[in-house]
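S.K.: Pasting the sequence and the predicted model now:
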Amino acid sequence: MKFQRRVALLIVALLACTAVLLGACVPNEAPDDRKLVSLNPSEDDVSDFDSDFLAENEYITINDVVSVTPTNVAVFGQLTELAISEGVDSVRITGGVDISAHEKCSGNYFIISVDLPGHTAATFAATAMKGEEELGDPLTFSAPYDATAEERLDGNSVSVGKDSRLYFTKYLSDYLGKELYTASQVSEIKSTVASTYKAYLSRAKGNQIAMIYVFLPDMTTLDPSVFHEEDAALKDPDLLTRYQQIVNAVGGTMATVVDMQTVLQAELDAGKDIYDLYRQTDSHPTEYTSFLMYREVMKHITALDSDVTPYTLDDFNMESLEVLGGDLVSYRELDNEQITETITLLKPKFSYIDGVKNIRVYNDTENGDYTYFTTVNSTDAFTAGVERVVVKSDRTKLPNLLVYRDENAVGASLLLANSCDQTVLVRSGDFNISLTDAGQYRDKEEGKSIVDFIVVFVSESNMGTAFRVSD
């Protein structure tokens, strides 16, 4: 891996030399009133090139330039200790005739989206900024032109937003309401949920049951400031989103709906930061939000079964630690060892039952990897925390659950399993409710014919998968 990185850095360094030599032919130079610090190594310098930086000065380093599309790149860099001590808070990148991008840093790093001026490699200048004040000389670096660059086709394409923030590209479509159900499709969803609940209730034979849907919005639904102004301005305020369509449709049935948008907005109104609720470099919610999802479900369970005692925040110790960058960084092909974040773990004061504690939730915590997925041969493989598993606690007076979920509900679903008797955690992404499973995993000792509760966790970005309809 180190050898491959050296080769890649060597190629970029050579491109920088070429860009400088061809600068007179390409109209992409920085403004005339800026003194450029040239990155122009000799052949000997290139042959021994072993730096972690493509370019650097006393205030900033350019660590990587990643092609997003043929004419757009993501520029990743870091602030030096001097820059941090002198209050640098943003970086401006300029080039060509009218290219200028000025974005705030995130801690000690910055990620800025820049368009190339044409179908060719380009030279840009990055300037450390303290408010509107320039500190130090602009730093010249080269951005490659890659005619083959394209967005990921697997739904995991990542865009660079405002102020060095990342988000799944599909979140913008969700926010703008580009993916909507027709009126007849909404009716179909409502009818399907209603008929499933009716069949579930019929099999319960008088026993108290509940089918609980928990909907989790995209981070950008709660905080659209991650989008650039020109993108956010495209939203029609009178247009419902798919999230709102589903909440309204399922809410019109006998099923119970937990709208986490309302819950999380209350947390923000009470003073929480958006990154108390969602990871900054990862697409998943924080452990605190996982607890809130669990808490909201338990409100409905305890209303019907007084034998259940839910956990509270007092049952956890909070521990902050710095971890590797998450899946947004990896999918954007940036270095997750350099782009890190601080997260808060909820460490239980209680003991997990064997069926829960043996489930590995994160990839490699000993090495600071707190992501849910691991990459093997470029294929995303689930960790055990999102595979199908049956958790038994042998506390027969407690209820049995059948839980459908996506990867954003891993933490919440494990807390549920630890709170109940027997819980079937269906494989992440499988939302086909099976009343056969609901009957198979019932509390037989209590003489029940079906599980006490069916819980369905669905994230906004997975609603198209969870609620499939006719064309």
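M.R.: Cool, got the structure.
S.K.: Not counting sequence-adjacent ones, nearest residue to residue 92?
M.R.: Spatial nearest neighbour of residue 92, excluding adjacent residues (Cβ to Cβ, 6 or more residues apart in numbering): residue 102 at 4.2 Å. C-beta here means a position set from N, CA and C on the backbone, and glycine is covered the same way.
S.K.: ugh, typo on my part, it should be residue 372
M.R.: residue 407 (5.3 Å).
S.K.: okay, now the one you found: neighbour count?
M.R.: 19 (other Cβ atoms under 10 Å).
S.K.: Hmm, it is touching residue 282, no?
M.R.: No - under the criterion of Cβ atoms under 8 Å, residue 407 makes no contact with residue 282, lying 10.7 Å away.
S.K.: quick one, what contacts residue 173?
M.R.: The contact partners of residue 173, by Cβ atoms under 8 Å, 6 or more residues apart in numbering, come to residue 179.
S.K.: Now do the buried residues in the host helix or strand of it.
M.R.: Element membership of residue 173 [criterion: DSSP states H and E] is helix 170-176. Of the residues in helix 170-176, 170-172, 174-176 count as buried by neighbour count, 16 or more other Cβ atoms under 10 Å.
S.K.: Off-centre distance for it?
M.R.: 13 Å (Cα atoms, centre = their mean, to the nearest Å).
S.K.: Which one of the buried residues of helix 170-176 is nearest to residue 362?
M.R.: residue 171 (23.0 Å; Cβ to Cβ).
S.K.: Run a quick check on that closest one versus residue 217, I expect a contact.
M.R.: No - Residue 171 is beyond contact range of residue 217, at 9.8 Å (criterion: Cβ under 8 Å).
S.K.: what about the strands in the stretch 201-350 of the chain?
M.R.: For the stretch 201-350 of the chain, strands defined by DSSP state E, counting those that start in this stretch occupy the ranges 210-216, 256-259, 316-324, 340-348.
S.K.: Columns distance to residue 290, mean neighbour count and mean pLDDT on top of those strands, output as JSON lines?
M.R.: Converted to JSON lines, the strands of the stretch 201-350 of the chain look like this (distance: least, Cβ to Cβ, whole Å; neighbours: other Cβ atoms under 10 Å; pLDDT from 0 to 100):
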{"stretch": "strand 210-216", "distance to residue 290": "10", "mean neighbour count": "24", "mean pLDDT": "98"}
{"stretch": "strand 256-259", "distance to residue 290": "13", "mean neighbour count": "20", "mean pLDDT": "98"}
{"stretch": "strand 316-324", "distance to residue 290": "11", "mean neighbour count": "13", "mean pLDDT": "95"}
{"stretch": "strand 340-348", "distance to residue 290": "8", "mean neighbour count": "16", "mean pLDDT": "95"}
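S.K.: out of these, nearest to residue 88?
M.R.: The nearest among the strands of the stretch 201-350 of the chain, by Cβ to Cβ, is strand 340-348 at 18.7 Å.
S.K.: which residues are in contact with the helix or strand just after the closest one?
M.R.: Counting by DSSP H and E, the next helix or strand C-terminal to strand 340-348 is helix 354-357. Contact partners of helix 354-357, identified using Cβ under 8 Å, 6+ apart, comprise 351, 389-393, 414, 417-418.
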